[in-house]
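A.B. asks: Quick check, what structure comes out for this input:
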Amino acid sequence: MISALEAMNIILDSATENQSEIVPLFEAHERFLADDIYSHDDIPPFKNSSMDGFAIRSGDTVGASSTRVLELKIQGEVAAGNIAQTPLVPMHAIRVLTGAPLPTGADSVVPFENVEERDGAIRLFASVAAGQSTREKGEDIRKGDRVLEHGTRVKAAHLGVLASIGCTRVKVFRKPTMAILTTGNELLSVSESLSDGKIRNSNTYSLRALASEYGCEPVDFGVARDDPNELLRNVREGLKYDLLVTSGGVSVGKYDYVLESMKKAGVDIKFWKVNIKPGMPLAFGVYSKGSTNALVFCLPGNPVSSVVTFLEFVRPCVARMMARSNDGEDVQLKAKLEQSLSKRDGKRHYHRGILRSNEGKLTVRSTGNQSSGVLSSLVKANCLIILNEDKSTFEEGEEVDVELLPWGRIE
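C.D. replies: Prediction:
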């Protein structure tokens, strides 16, 4: 049995960046960039007004005050999208609207509400500093700047920036395809009524959702019964995809045929059993034949084990395949325990917890029952508390590592 760190190193050493493709800008939403993005323009491309007001020469306003009111004649108007036809004349002002280019000769803008307009002129009651209420050329982005990094997941704000620099098409990683196969004679569809010895298949839905959340294209292979021939047929089909993820049938029970089927299909099993809880029976393998390559994860069947091992081992693999930069989806924090916790083995535990902020300090407590079959505890939890292998007792007030769950929000 290997450690969680050893397992992760084997997985990441086996994963390579996926191929890329070029897509129209909007289709890049929620995809991962396969290149750094540089700007070919200054943004904004010209000095402009950040307020509705009057463009002026700041030097003309020196000495203006409530007792020494200064008048500037209105020379004209410039709206956003237009430019002034003539330079600003000394002791004059040009009405400008937000986003309009500053006229030649102007160096600042005084907002409408700070002046009094009368008889074709404005009256100022205070001096105006150079650069007031203006945005400089290139203030947002300079020509040649790296705007977004290779591996960034493109969100709404990223799309706006890409549009502002004129990107019409974007190079992104191809979405990894992920075949998802659940196993077990005990599984019913969600629409079926419960009967003796049967449970509804929840893992397919959890795993498909996680696959989508982390940028994969999930392919539902449904449920394979505990039959070696049926499993082998499904495994061979699943190996046509970038990733094959199974749940169940990977322990040492009489009807646990998944590993046997993988080996018969030609999968090179890199490890089986990891020193963790929940999820110890996890297996990982690599399939390579001709131009077909697949990474294989055999997850335990217990619902919590299935989700936790996906988050801890499949998710980082997918991130490596798309060179994902740190986008906040696997945040690790430090928090102090609100209670003492203990374990009776030398495994790394992923303990479901509730992370809270108390007067700016993070504290965490257990959700209670940690059975790997208690799926509702994942809904109650907003984090996983990491209880490392080398200790058995963790005292109240002790600082521990926590991982925020994808759906978790700090209380």
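A.B. asks: Could you use CA atoms for every contact and neighbour count after this?
C.D. replies: OK.
A.B. asks: what's the single longest strand in this structure?
C.D. replies: In terms of residue count, the longest strand belonging to the chain (DSSP state E) is strand 348-358.
A.B. asks: Contacts only, for residue 36.
C.D. replies: Shown in contact with residue 36 (CA atoms under 8 Å, 6 or more residues apart in numbering): 146-150.
A.B. asks: swap that for residue 215, please
C.D. replies: Applying CA under 8 Å, 6+ apart to residue 215 gives the contacts 30-32, 175-176, 318.
A.B. asks: Same list, those residues, but as CSV with distance to residue 95 please.
C.D. replies: Shown next, in CSV, are the contacts of residue 215 (distance: CA to CA, whole Å):
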residue, distance to residue 95
30, 42
31, 44
32, 44
175, 51
176, 54
318, 54
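A.B. asks: didn't residue 107 look like it was pressed against residue 54?
C.D. replies: No: taking CA atoms under 8 Å as the definition, residue 107 is not a contact partner of residue 54, at 10.8 Å.
A.B. asks: Report the helix or strand with the lowest average pLDDT across the protein.
C.D. replies: strand 187-188 (a mean of 82; mean pLDDT, DSSP states H and E).
A.B. asks: where along this protein do the helices fall?
C.D. replies: If DSSP state H is used as the criterion, the helices of the chain fall at 4-14, 156-164, 203-213, 228-238, 258-264, 303-309, 315-321, 376-380.
A.B. asks: got the contact list for the longest strand of the chain?
C.D. replies: Identification of contacts with strand 348-358 by CA under 8 Å, 6+ apart yields 4, 275-278, 308, 335, 362-367, 370, 377-378, 380-389, 410-411.
A.B. asks: ok so, going back, ranking the helices of the chain by burial, who's on top?
C.D. replies: helix 303-309 (a mean of 25; mean count of other CA atoms under 10 Å).
A.B. asks: Show me what that helix is packed against.
C.D. replies: helix 203-213, strand 292-299 (3 or more CA pairs under 8 Å, 6 or more residues apart in numbering; DSSP states H and E).
A.B. asks: and the shortest one with helix 228-238, angle?
C.D. replies: Between strand 292-299 and helix 228-238, the angle formed by their directions is 130 degrees, by axes from the mean of the first three to the mean of the last three CA atoms, to 10 degrees.
A.B. asks: in strand 292-299, what counts as buried?
C.D. replies: Neighbour-count burial for strand 292-299, counted by 16 or more other CA atoms under 10 Å, picks out 294-299.
A.B. asks: That strand pairs with which strands, and in what direction?
C.D. replies: If you go by DSSP bridges, strand 292-299 pairs up with strand 243-247 (parallel), strand 283-289 (antiparallel).
A.B. asks: picking up where we left off before, drop the exposed ones from the contacts of residue 36 and show what's left.
C.D. replies: When those are checked against 16+ other CA under 10 Å, the ones flagged as buried are 147-150.
A.B. asks: so residue 135 touches residue 43, yeah?
C.D. replies: No: in this structure, residue 135 is not within contact of residue 43 by CA under 8 Å, at 10.0 Å.
A.B. asks: Residue 107 and residue 54: which is more packed in?
C.D. replies: Legend: neighbour count by other CA atoms under 10 Å for residue 107 and residue 54, higher for residue 54 (30 against 23).
A.B. asks: Report the residue ranges of every domain in the chain.
C.D. replies: Split into domains by automatic domain parsing, the chain comes to 4-17+175-321, 21-38+142-173, 48-135, 332-404.
A.B. asks: can you give me the strands for the stretch 301-411 of the chain?
C.D. replies: All strands of the stretch 301-411 of the chain, identified by DSSP state E, counting those that start in this stretch, fall at 332-337, 341-342, 348-358, 361-366, 383-387, 393-394, 399-404.
A.B. asks: Would you mind telling me which of the ones you listed is nearest residue 262?
C.D. replies: When the strands of the stretch 301-411 of the chain are compared by CA to CA, strand 348-358 sits nearest residue 262, at 26.8 Å.
A.B. asks: Just checking: what are the partner strands of the closest one?
C.D. replies: strand 276-277 (parallel), strand 361-366 (antiparallel), strand 383-387 (antiparallel).
A.B. asks: Looking at these, which is nearest to residue 323?
C.D. replies: Closest among those, using CA to CA: strand 383-387, at 24.5 Å.
A.B. asks: Average pLDDT for that closest one, rounded please.
C.D. replies: For strand 383-387, the mean pLDDT works out to 97.
A.B. asks: what's in contact with that strand?
C.D. replies: Counting by CA under 8 Å, 6+ apart, 348-355, 364, 394, 400-405, 408 sit against strand 383-387.
A.B. asks: Emit the ChimeraX select command for whichever of those are buried.
C.D. replies: Buried members of those, defined by 16+ other CA under 10 Å, are picked up in ChimeraX with:
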select :348,349,350,351,352,353,354,355,364,394,400,402,403,404,405,408
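A.B. asks: Where does the prediction get shaky in this structure?
C.D. replies: Within the chain, the stretches with pLDDT under 70 are 255, 325-330.
A.B. asks: I'd like the strands paired with strand 348-358 as JSON lines, with distance to residue 188 appended.
C.D. replies: Listed next are the strands paired with strand 348-358 as JSON lines, based on distance: least, CA to CA, whole Å:
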{"stretch": "strand 276-277", "distance to residue 188": "26"}
{"stretch": "strand 361-366", "distance to residue 188": "31"}
{"stretch": "strand 383-387", "distance to residue 188": "29"}
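A.B. asks: Thanks again, I'm all set now.
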